[in-house]
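> 3D model of this:
(one chain, ligands or ions: 1)
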Amino acid sequence: MKKVIVTGDRPTGKLHLGHYVGSIKNRVKLQDSGEYDEIYLLIADDQALTDNFMNPKKVRDNVIECVIFYLACGIDPNKTTILIQSQVPALTELTFYYMNLVSIARLLRNPTVKTEVKLRGFQESIPSGFLNYPVSQAADITAFDATLVPVGEDQMPMLEQCKEIVHSFNRIYGNTLVMPNAYLPENKVARRLPSLDGKNKMSKSLGNCIYLDDSDEEITKKVMTMYTDPNHLKVSDPGKVEGNVVFTYLDVFCTPEHFKKYLPDYKDLDELKEHYIKGGLGDVTIKKFLAQILIEIIKPIREKREELINNLDYVYDVIKKGTEKACQKANATLLRVKEAMGIDYFDNNKFLEEIKEKYKNNN
Ligand code: TRP
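Residues are numbered from 1 along each chain as shown. Here you go, the predicted model:
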């Protein structure tokens, strides 16, 4: 069986460092591993519309932002098919058939949907389109015969729901859909990069992010506001590293090379932590170090992004071609589904033969 990856994002804002370590970096790694036969990256604009239907411009404006950031971060359109969800009609058709297999009670029990309903203030009247987005996500996953879906923890319930749909479909209509598996990136902290104040997850809606196109000055300024240890007042004071956002970030981002380059007095992060805990190491030193590391990561992305902005015909072409390729694959799955369900009336000559056979003796 082919090894196929499907992932996606809602196009609702600029991408930030949390997206980079939480998913994009990992996607580039999987893409370049050469272990997968096909990789699909969905810009889930239809899904974004389920809670932004009053503000379609926000979604439209961010579609191209997503593509530009993907390419700037190293997604290679020759290896990864980037597509716009709304332009693949088979996905909507599959969603409609899968809806028969899922009860409203089951959708209401989905923990991620529950949290989002509260967050969006939908309690009293949940739009049915929104409630159904996990079903549409199951269509995204199965349309491309995904075997692996790299996701964050908040997406696990979506994958569970998808597996249930695949299971029901195959049981009722015969073996048709490929069963996907979830894949969680190993680094636990990277899956949930904290905000600058350490209180939340980095999130564009809360405005506490370092963006992948921030200038060097903006990055430095933001790192300087990071939460450290409120009891570490003087340089000589002993400090805490747990809950200290600067160290959480260093855990995720710094490598031995960074020490050689920017802090050669220390061998590695353990040594730096030890000094901080003992006392005698100032916050400014560790913040400057982190800022240098983040600049080293973000600068090339920002520069590549600027290059792409000067070459928008190319970017447009990438998503147009990717979407066309995705349509072919999704149409093939839809055909399988329609055959399994017996609604393939005009897709082959089976139906015509069948009705002729049925009324054969009538004349
Ligand atoms: N729900 C995902 C998110 O909010 C986006 C998404 C849409 C997705 N379709 C998908 C992720 C298919 C993986 C596979 O991040």
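
> Contact residues of the protein facing the ligand?
Proximity of the chain to the ligand is assessed by CB under 6 Å from any ligand atom, with 6-10, 42, 44, 47, 137, 140-141, 149, 151, 155, 158 identified as the residues in range. C-betas here are computed from N, CA, C, even on glycine.

> From those residues, which land in helices?
47, 137, 140-141, 158 (DSSP state H).

> Could you tell me how far the residue nearest to residue 281 when sequence neighbours are not counted is located from the ligand?
Spatial nearest neighbour of residue 281, excluding adjacent residues (CB to CB, 6 or more residues apart in numbering): residue 275 at 4.5 Å. Per CB to the nearest ligand atom, to the nearest Å, residue 275 is found 39 Å from the ligand.

> can I assume residue 275 is in contact with residue 285?
No - in this structure residue 275 lies outside contact range of residue 285 using CB atoms under 8 Å: 9.5 Å.

> Return the list of helices and strands in contact with the host helix or strand of the residue nearest to residue 281.
For residue 275, the element it lies in under DSSP states H and E is helix 269-278. Other elements packing on helix 269-278 under the criterion 3 or more CB pairs under 8 Å, 6 or more residues apart in numbering; DSSP states H and E are helix 245-253.

> separation between the closest residue to the ligand within the stretch 51-200 of the chain and residue 235?
Residue nearest to the ligand within the stretch 51-200 of the chain: residue 140 (4.0 Å; CB to the nearest ligand atom). To residue 235, residue 140 is 52 Å away according to CB to CB, to the nearest Å.

> Then residue 272?
In this view, residue 272 and residue 235 are 14 Å apart by CB to CB.

> ditto for residue 226
17 Å.

> who's more crowded, the two?
In this view residue 226 and residue 235 are compared by other CB atoms under 10 Å, and residue 226 has more residues nearby, 23 against 13.

> What sits closest to the more buried one if chain neighbours are left out?
Nearest residue to residue 226, sequence neighbours excluded (CB to CB, 6+ apart): residue 245, at 4.7 Å.

> ok, how many other residues are close to that neighbour?
Using other CB under 10 Å as the criterion, the residues surrounding residue 245 number 22.

> Am I right that it is in contact with residue 193?
No - when contacts are counted by CB under 8 Å, residue 245 is not listed as touching residue 193 (9.5 Å).
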